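Novice: coords below, sequence missing:
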């Protein structure tokens with residue numbers, strides 16, 4: 001492995017432990033294997049690597065081309081049952097559960113289909129999914145690839161339980177309970193495209209799935225999902241909100257303990273002075289935080305105690321269109337000020353999310369919000385974070401240390417963030433319902449906010 005990217009994979013070792021403390025991941029470069037002169041320290045390091053490899057279930061090899069390194073790996077990894085190579089010398093071959101898989105000429109699918117069936121057919125699907133996720137080059141998808149290999153060849157991973165086939169009972173449930181919705185969907189071009197697109201995604205591949213949904217959403221697709229997934233759970237799916245890492249909310253603001261009212265006001269942000277509460281600069285989740293032109297609208301409803309969140313964002317669909325999308329979340333206070341429970345019906349499936357205000361500057365020049373959520377009927381759990389400012393530009397350099405500190409509290413490195421494209425955001429469908437209320441404790445004063453208790 002190239003030493004320049006080694007740190008990123010060391011970070012994956014930490015992230016794997018958020019899923020299961022029993023997972024151990026050891027990361028090393030091939031530097032020690034190709035040194036022309038071996039000193040005592042390099043010899044000791046090599047022996048340590050050999051010891052680790054003797055106890056290894058899965059070996060991932062990345063960008064290894066050096067002849068000496070390749071030779072060393074071949075000599076010292078023969079007993080490892082699962083080996084997956086990315087951008088390596090063709091001499092290094094994939095092995096899945098002890099089964100050799102040839103990938104010469106990069107035509108994995110053809111090679112697998114032409115070889116023996118059975119276990120190799122299963123290997124085809126696993127390897128295809130691993131490569132597709134890995135090639136998206138983000139930390140969530142790399143972790144998903146690792147967990148998929150563990151689930152397939154070491155032991156079952158509970159959060160990937162929805163990868164397992166459900167059998168004929170699924171079809172019976174759909175036909176019995178949702179016949180009209182299925183027929184309507186199949187007769188509707190957009191709904192049919194959504195189903196075809198989703199059928200190409202692994203069940204727990206959220207990036208692939210949500211891109212399909214955002215591209216082809218329609219009333220017919222919402223009715224289909226509401227019936228098949230949400231009302232009758234025909235696929236037998238389930239998921240829970242992930243509670244690791246344990247991200248703590250902001251505890252005080254402008255020298256005073258944070259209250260529920262002020263926390264809500266921080267969400268409301270700049271709305272009233274500007275057209276939106278906040279604009280997203282960057283986000284961590286590859287499925288939900290990477291859309292262009294993300295506006296956040298937080299406001300209090302007409303009913304006493306009601307609070308709402310409406311994200312507005314742009315989607316570049318799979319068939320080349322540029323469309324605006326909007327969602328509507330009900331927001332309730334959590335047990336601790338600065339924590340919130342969000343719920344939304346998104347294309348027929350209910351998602352519940354636990355949000356935390358991690359940090360907001362006194363002048364509201366930027367904020368960081370973290371969330372963990374689950375769409376139980378879709379069998380998907382997820383986490384993410386959004387860095388927000390009033391105008392969608394990155395905070396000033398003077399704030400870099402504080403921004404990085406806030407990210408660290410979320411278990412996020414700055415290089416894991418996706419920059420949001422805010423370059424072409426005209427005609428965004430903003431606005432909030434008539435009669436909505438905004439701030440209670442923070443009041444607009446010119447271009448700044450003041451607190452009613454100041």
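Specialist: It's in. Given the structure is predicted, the values throughout are model-derived calculations rather than measurements. Residues are numbered from 1 along each chain as shown.

Novice: Would you list the phi and psi of residue 321?
Specialist: Main-chain torsions, residue 321, degrees, to the nearest 10: phi -90, psi 160.

Novice: ok, it - contacts?
Specialist: By C-beta atoms under 8 Å, 6 or more residues apart in numbering, the contact set of residue 321 is empty. Heads up, the C-betas are built off the backbone N, CA and C, glycines and all.

Novice: swap in residue 381?
Specialist: So residue 381 contacts 159, 239, 240, 241, 242, 372, 373, 374 (C-beta under 8 Å, 6+ apart).

Novice: Check which residues of the longest helix along the chain are buried.
Specialist: Ordering each helix of the chain by length in residues (DSSP state H) puts helix 168-187 first. Residues of helix 168-187 classed as buried by neighbour count (16 or more other C-beta atoms under 10 Å): 173, 174, 178, 181, 182, 184, 185.

Novice: What of stretch 396-405?
Specialist: Judged by neighbour count (16+ other C-beta under 10 Å), stretch 396-405 contains these buried residues: residue 403.

Novice: Averaged pLDDT, that stretch. What do you get?
Specialist: The average of the pLDDT scores along stretch 396-405 is 96.

Novice: Equivalent analysis for stretch 256-273, please.
Specialist: So the average pLDDT for stretch 256-273 ends up being 97.

Novice: Contacts for that stretch, please.
Specialist: Contacts for stretch 256-273 (C-beta under 8 Å, 6+ apart): 249-253, 276-278, 296-300, 307, 309, 331, 333, 337-338, 340, 357, 360, 364, 367, 369, 388, 390, 432, 438-442, 444, 447, 451, 453.

Novice: on that earlier part again, tell me which two of the contacts of residue 381 sit farthest apart.
Specialist: 159 and 373 (13.2 Å; C-beta to C-beta).

Novice: Who has more neighbours out of these two?
Specialist: residue 373 (23 against 19; other C-beta atoms under 10 Å).

Novice: before we move on, which element is the more buried one in?
Specialist: Counting by DSSP states H and E, the element that carries residue 373 is strand 367-375.

Novice: Which elements pack onto that strand?
Specialist: Strand 367-375 sits against strand 339-346, strand 349-360, strand 380-389, helix 400-409, with contacts defined as 3 or more C-beta pairs under 8 Å, 6 or more residues apart in numbering; DSSP states H and E.

Novice: Paired strands for it, with orientation please.
Specialist: Applying DSSP bridges, strand 367-375 is found paired with strand 349-360 (antiparallel), strand 380-389 (antiparallel).

Novice: ok and the last one relative to helix 400-409, angle-wise?
Specialist: Just to be clear, that refers to strand 380-389. Angle, strand 380-389 to helix 400-409, by axes from the mean of the first three to the mean of the last three C-alpha atoms, to 10 degrees: 170 degrees.

Novice: what's the average pLDDT for strand 380-389?
Specialist: 94.

Novice: Ok, the longest one next?
Specialist: Strand 349-360 carries an average pLDDT of 97.

Novice: Can you check what angle separates it from strand 339-346?
Specialist: Using the same axes, to 10 degrees: strand 349-360 against strand 339-346 is 150 degrees.
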